[in-house]
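>>> Show me how the following folds:
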Amino acid sequence: MAKRYGGRHSPQPRLDGTDPRPPARPRPGEARHPLESRTRWVTIMAVPFLISAFWQDPAGLATHLIAFGAIASGMWMTREGLQAEAAYDARRIARRPAIPRKLFGGILTGLGLAIGAYVPGAEIGAGIIGVAGALLHWLSFGPDPMRDKGMEGVDTFQQDRAQRIVAEGEAHLKAMQDAILRTGDRRLEAHVAMFAATARELFTRVEEDPDDIPAARRYLGIYLQGARDATVKFADLYAQTQDPRAREDYENLLRDLETEFAARTRKLIEGGRTDLDIEIGVLRERLAREGVRPAAPAQTAARNADPAELERAMTLDDLLIPREGEKQRR
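Now for the predicted structure:
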């Protein structure tokens, strides 16, 4: 009986339901907005303007062609805006898009509808149709992101630097995955994909905290470039010779790189926790110098309280009527 292949290097989850790979991080440009397909349908619905233009007089020909061009351009810009919004939503720290593409796409769409509906003497009606089209565009696709996300206290220069370094690393990973396709081996492709997912965990850490760039610079540059060159050379050799020893050496290299990248990511996270502990300790010392003390008695009383009393729901009488123990202390 046929069984589905599963294992450490399988592109599918293991047979026991667990997945040994870290969660994949989408590459720039991979994120897709769920409304992106709508732009294609709107462009298709504007095709009658293009077809009917060739049965019009010269003025009508120009009007219908401009109408179709405006709607198609508006949908193209809207699609670009949706892709930018998807990339914005996929990241924890992101800047708002520099150009509000969906806003301009709505304006172009409304303008195209107004031009397509224009007839001499009915300018007001054409304008109403254009405004309605722009409004429906806004209701259908929503507004552009207008605020930066998670950028409070982040050095914008360092953030731009981190994005450039991550983009270079993504290019190296893409070259590795393209090169390994020449071998035609799905197991090797899955192993490279696993390493790419591990590397992208480090990318995410650097993007979220650009101060970690000095500690991860070699991993994002030299090591990834070396892994790319090794992958290209291995793919060329293995596609011709099918040498099992070369395959074993390459897989061992990927395992070592995967281990090193995962360890570096853990060290960066632990370093961030250490910095947080230091900040909390310094803040507590300052509060102590100001005479502020933690509410230890209340915490102690809560820990020593009867569990049955803690689980019992309190009533208004419990709040207004003193208990017997409190009366005796008084």
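
>>> can you list the weak-confidence ranges in the chain?
The model of the chain has pLDDT under 70 over residues 1-31, 93-94, 148-158, 211-212, 271-330.

>>> where exactly do the helices run in the stretch 51-200 of the chain?
Using DSSP state H, counting those that start in this stretch, the helices of the stretch 51-200 of the chain run over 58-90, 101-116, 123-141, 156-180, 186-208.

>>> Same list, the ones you listed, but as a markdown table with distance to Trp41 please.
Glycine gets a C-beta too; all of them are placed from N, C-alpha and C. Output for the helices of the stretch 51-200 of the chain, formatted as a markdown table (distance: least, C-beta to C-beta, whole Å):
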| stretch | distance to Trp41 |
| --- | --- |
| helix 58-90 | 9 |
| helix 101-116 | 13 |
| helix 123-141 | 11 |
| helix 156-180 | 31 |
| helix 186-208 | 33 |
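
>>> looking at the ones you listed, which is buried most?
Highest mean neighbour count of those: helix 101-116, a mean of 23 (counted as mean count of other C-beta atoms under 10 Å).

>>> Which secondary structure elements does that one sit against?
Based on contacts counted as 3 or more C-beta pairs under 8 Å, 6 or more residues apart in numbering; DSSP states H and E, the elements that helix 101-116 packs against are helix 58-90, helix 123-141.

>>> In TSV: those, plus distance to Arg247.
Putting the helices and strands packed on helix 101-116 into TSV (distance: least, C-beta to C-beta, whole Å) gives the following:
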stretch	distance to Arg247
helix 58-90	35
helix 123-141	49
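
>>> To Glu260, which of these lies closest?
Taking C-beta to C-beta as the measure, the helices and strands packed on helix 101-116 were each checked against Glu260, and helix 58-90 came out nearest at 26.2 Å.

>>> Next, the angle from the closest one to helix 123-141.
20 degrees (axes from the mean of the first three to the mean of the last three C-alpha atoms, to 10 degrees).

>>> Taking their axis directions, helix 58-90 and helix 101-116 sit at what angle?
Angle between the axes of helix 58-90 and helix 101-116 is 160 degrees (criterion: the same axes, to 10 degrees).

>>> just use 373 as the starting number from now, easier for me
Okay, residue one is now 373; in that scheme the one you just asked about reads as helix 430-462.

>>> name the helices or strands packed onto helix 430-462?
Using 3+ C-beta pairs under 8 Å, 6+ apart, the elements in contact with helix 430-462 are helix 408-417, helix 419-424, helix 473-488, helix 495-513.

>>> redo that, cut-off 6 Å
Under the contact criterion of 3 or more C-beta pairs under 6 Å, 6 or more residues apart in numbering; DSSP states H and E, the helices and strands touching helix 430-462 comprise helix 408-417, helix 419-424, helix 473-488.

>>> Now distance to Ser445 too, for those helices, in a markdown table please.
Rendered in a markdown table, the data for those read as follows (distance: least, C-beta to C-beta, whole Å):
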| stretch | distance to Ser445 |
| --- | --- |
| helix 408-417 | 10 |
| helix 419-424 | 13 |
| helix 473-488 | 5 |
